[in-house]
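> just the structure for this:
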Amino acid sequence: MKTIQVVAAIIRNGDKILATQRGYGEYKDGWEFPGGKIEEGETPKEALAREIREELEADIVVGDHLITVEHDYPDFHLSMKCYWAELKEAAHLKLLEHEAAKWLSMNELDSVDWLPADVIVVQAIKSDKK
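Model (predicted):
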């Protein structure tokens with residue numbers, strides 16, 4: 001089974017966390033943490049900063065690693081490194097690849113239909129003591 005290496009940002013703004021709704025592909029309409037594939041020669045943190053610029057036209061400060069999720073989808077294995085992040089400035093996010101975005105409080109994290117790998121990230125966020 002093919003393994004896809006990706007990164008995802010858990011972007012915090014005060015007590016809220018950004019969730020994005022996928023706008024394309026087989027998993028269209030599912031909710032996820034923004035990010036994408038690591039390109040040749042990039043570190044995971046460099047890839048994450050690039051992906052957020054490409055997807056949301058925003059610059060982020062990538063923080064600590066939260067979790068690496070290993071998840072088998074029907075057609076591929078996903079290895080997703082997830083990092084805490086914050087916007088560099090209170091920028092207006094521009095959705096270039098997503099249908100929608102929401103800032104969710106900890107109590108609202110279960111209010112969207114997360115993609116399977118992202119469900120594991122939500123559990124890690126809830127158990128993280130930071």
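
> contacts for the helix-or-strand element of the chain with minimal mean pLDDT?
Least confident helix or strand, the chain: strand 98-105 with a mean of 93, by mean pLDDT, DSSP states H and E. Applying C-beta atoms under 8 Å, 6 or more residues apart in numbering, the contact partners of strand 98-105 are 13, 15-23, 28-29, 34, 55-56, 93, 95, 108, 111-112. Glycine gets a C-beta too; all of them are placed from N, C-alpha and C.

> in strands, which of those appear?
Assigned to strands by DSSP state E, the following of these qualify: N13, K16, I17, L18, A19, T20, Q21, R22.

> quick check: of those, which lies closest to I60?
Checking the ones in strands among the contacts of strand 98-105 against I60 by C-beta to C-beta gives L18 as the nearest, at 10.0 Å.

> what's the closest non-adjacent residue to that closest one?
In space, and not counting its chain neighbours, L18 is closest to I11: 4.2 Å by C-beta to C-beta, 6 or more residues apart in numbering.

> since we're on the one you found, how many residues are nearby?
Neighbour count for I11, taken as other C-beta atoms under 10 Å: 28.

> give the buried residues for the longest strand along the chain.
Counting residues, the longest strand in the chain under DSSP E turns out to be strand 60-72. For strand 60-72, a neighbour-count test (16 or more other C-beta atoms under 10 Å) marks I60, V62, G63, L66, I67, V69 as buried.

> list the contacts for the closest residue to the second one other than its chain neighbours?
Among residues not flanking V62 along the chain, K45 sits closest, at 4.5 Å (C-beta to C-beta, 6+ apart). Counting by C-beta under 8 Å, 6+ apart, K45 touches V7, V62, Y83.
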